[in-house]
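*Asks:* Here is a sequence together with a model predicted from it:
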Amino acid sequence: MSDSIDVTTAELASSLRTIREGEPLVQSLTNEVTMNDVANLILHWGALPVMADSPGDAGEMADLADAVLINTGQIPAPKVEAAREAGRRANERGVPVVLDPVGVGSTPSREAVAESLLSELEFSIIKGNYGEVSALAGVESEVKGVESVGDYEEIERTARSLADSTGATVVASGVEDVIADSESAYRLSAGHDRLGDVVGTGCMLGATLAVFAGTLEDGHAAAVHGTLAFGVAGEHAAEMDHNGPASYRTNFHDTVAGLGPDAEHVTDLELADRISRVV
């Protein structure tokens, strides 16, 4: 069993180039708290955002989209209905669907919505924090509001179990991100503590994964490349001058917008110690 995954800077650069050349249309059904940041980040990666989240319109837009993001940060009945509609249409077309089960595990209502979506739809990628992934997998977890708290010593196996039961690639975001499919789990080291000081970075990671999934044919590669690129952008934004969370947030968006295939912080990226197989 190899202890590392074969990812090169050339492959990451190729993915970034393909996004900017292809301009995939990414339909996002997300919460109102982070909608603007999600739309802007999709645009900054070089993709095209559309936020069609009403019954009727959602399914029609999914007929055109290259990827669909379903974020359950808010769960009024019309939004859930629209998510099902868009997800079903995307499944019929073979278009990747990304699930970001925000806050699952914190209330029975959120858990019921997430479980119903998992039972009715097929997802290419499921992205959540350690607590959300654990809750979806049926493992004891602690989620306060939308934040993961507590210890998750078995998160790699938990993520792999969820991947096995759903057929999706699972991204469990935390101090180190875990990316798992039914056969393996990897730890990825990329990002910065500052990302945790800005509301919505988790939602923006989900949007990033939808951008990459709408571009790359391999869902696992999309999860790895998208998570890595997001983390690298977070690191570089922290190196730029900023006075606090608000200016860091601006730096992060600017960094993503400039993170093309020839960007120095892509071409000079050292990957040897960043990704390792743990299960």
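*Replies:* Sure, I can see it.

*Asks:* Give the next helix or strand downstream of the longest helix along the chain.
*Replies:* Longest helix of the chain, by residue count under DSSP state H: helix 219-239. Sequence order places helix 245-258 as the next helix or strand after helix 219-239, per DSSP states H and E.

*Asks:* buried ones in the helix or strand following that following helix?
*Replies:* Counting by DSSP H and E, the next helix or strand C-terminal to helix 245-258 is helix 264-267. By neighbour count on 16 or more other Cβ atoms under 10 Å, the buried set for helix 264-267 is residue 266. For the C-beta atoms, the positions are set from N, CA and C on the backbone; glycine is no exception.

*Asks:* Relative to the whole chain's centre, how far out is helix 264-267?
*Replies:* 22 Å (Cα atoms, centre = their mean, to the nearest Å).

*Asks:* Return that helix as PDB; C-alpha atoms alone will do.
*Replies:* C-alpha atoms of helix 264-267 as PDB (Å, rounded to 0.1, in the frame of the first residue of the first chain):
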ATOM      1  CA  GLU A 264       4.200  31.200  -8.600                       C
ATOM      2  CA  HIS A 265       2.500  29.600  -5.500                       C
ATOM      3  CA  VAL A 266       1.300  26.800  -7.800                       C
ATOM      4  CA  THR A 267       4.500  26.200  -9.900                       C
END
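
*Asks:* helix or strand for the residue nearest the centre of the chain, which one?
*Replies:* Most central in the chain under Cα atoms, centre = their mean is residue 206, positioned 2.6 Å from the mean C-alpha point. Under the criterion of DSSP H and E, residue 206 resides in helix 201-213.

*Asks:* Restrict that helix to CA atoms and write it as PDB.
*Replies:* Extracted C-alpha coordinates of helix 201-213, given in PDB (Å, rounded to 0.1, in the frame of the first residue of the first chain):
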ATOM      1  CA  THR A 201     -15.100  29.400   4.200                       C
ATOM      2  CA  GLY A 202     -16.600  25.900   4.500                       C
ATOM      3  CA  CYS A 203     -19.300  26.800   2.100                       C
ATOM      4  CA  MET A 204     -16.700  28.200  -0.200                       C
ATOM      5  CA  LEU A 205     -14.800  25.000  -0.100                       C
ATOM      6  CA  GLY A 206     -18.000  23.100  -1.100                       C
ATOM      7  CA  ALA A 207     -18.300  25.600  -4.100                       C
ATOM      8  CA  THR A 208     -14.700  25.000  -5.000                       C
ATOM      9  CA  LEU A 209     -15.200  21.200  -5.100                       C
ATOM     10  CA  ALA A 210     -18.300  21.800  -7.400                       C
ATOM     11  CA  VAL A 211     -16.100  23.900  -9.700                       C
ATOM     12  CA  PHE A 212     -13.500  21.200 -10.000                       C
ATOM     13  CA  ALA A 213     -16.000  18.400 -10.200                       C
END
